[in-house]
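>>> coordinates only, sequence not included:
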């Protein structure tokens with residue numbers, strides 16, 4: 001029951017952090033578990049967190065694609081040899097923003113799905129807690 005383990009660990013960590021902020025007092029009124037996000041807040045946070053992966057990963061995808069697309073000719077040196085060398089070459093020749101080429105359609109595809117998934121998970125798990133199923 002991974003979800004139950006996650007919830008219990010989250011509760012322990014949260015309450016420990018709150019207790020340390022309140023000089024060791026674990027006041028139930030200040031526990032984050034008592035704070036419920038609105039659906040729009042979960043949707044927004046899910047979308048933002050879903051966009052972080054592609055933003056960090058996009059340069060690696062650009063380099064991977066360039067390395068895969070280059071034509072290997074016998075006796076000719078490859079333009080893209082390694083990850084680090086490729087990043088430097090792309091940044092020098094096209095500017096650093098070139099490492100994020102194609103990020104807009106990728107974010108438009110990934111962020112809405114992550115937003116809906118996160119909001120749905122939060123809404124369903126909250127409801128399950130209310131009816132004592134979790």
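Cool, got the structure. Remember, it's a predicted structure, so these values are computed and weren't measured experimentally.

>>> Burial check on the closest residue to residue 51 other than its chain neighbours, number of neighbours?
Leaving aside its chain neighbours, residue 51 sits nearest to residue 111 (4.8 Å; criterion: C-beta to C-beta, 6 or more residues apart in numbering). Any C-beta I mention is one placed from the backbone N, CA and C, and that applies to glycine too. Using other C-beta atoms under 10 Å, residue 111 is surrounded by 18 other residues.

>>> Next: residue 49.
Neighbour count of residue 49, defined by other C-beta under 10 Å: 13.

>>> Assess the claim that it and residue 118 are in contact.
Yes - here residue 49 lies in contact with residue 118, judged by C-beta atoms under 8 Å, at a distance of 7.0 Å.

>>> what sits in contact with each of those two?
Common contact partners of residue 49 and residue 118 (C-beta atoms under 8 Å, 6 or more residues apart in numbering): none.

>>> Any regions of this structure where pLDDT drops low?
1-34 (pLDDT under 70).

>>> and the longest helix for it?
Longest helix in the chain, counting residues (DSSP state H): helix 39-69.

>>> contacting residues around the residue lying closest to residue 90 once chain neighbours are set aside?
Nearest residue to residue 90, sequence neighbours excluded (C-beta to C-beta, 6+ apart): residue 98, at 5.3 Å. With contact set as C-beta under 8 Å, 6+ apart, residue 98 has these partners: 62, 90, 91.

>>> quick one, strands of this structure?
Here the chain has no strands by DSSP state E.

>>> residues of stretch 86-101 that come out buried?
Across stretch 86-101, burial judged by 16 or more other C-beta atoms under 10 Å covers 86, 87, 89, 90, 99.

>>> hmm, back to that, kindly indicate which of the contacts of residue 98 lies nearest residue 56.
Distance ranking of these against residue 56, using C-beta to C-beta, places residue 62 first at 12.5 Å.

>>> From what I see, residue 50 and residue 116 are in contact.
No - the pair residue 50 / residue 116 is not scored as a contact, 9.5 Å apart, by C-beta under 8 Å.
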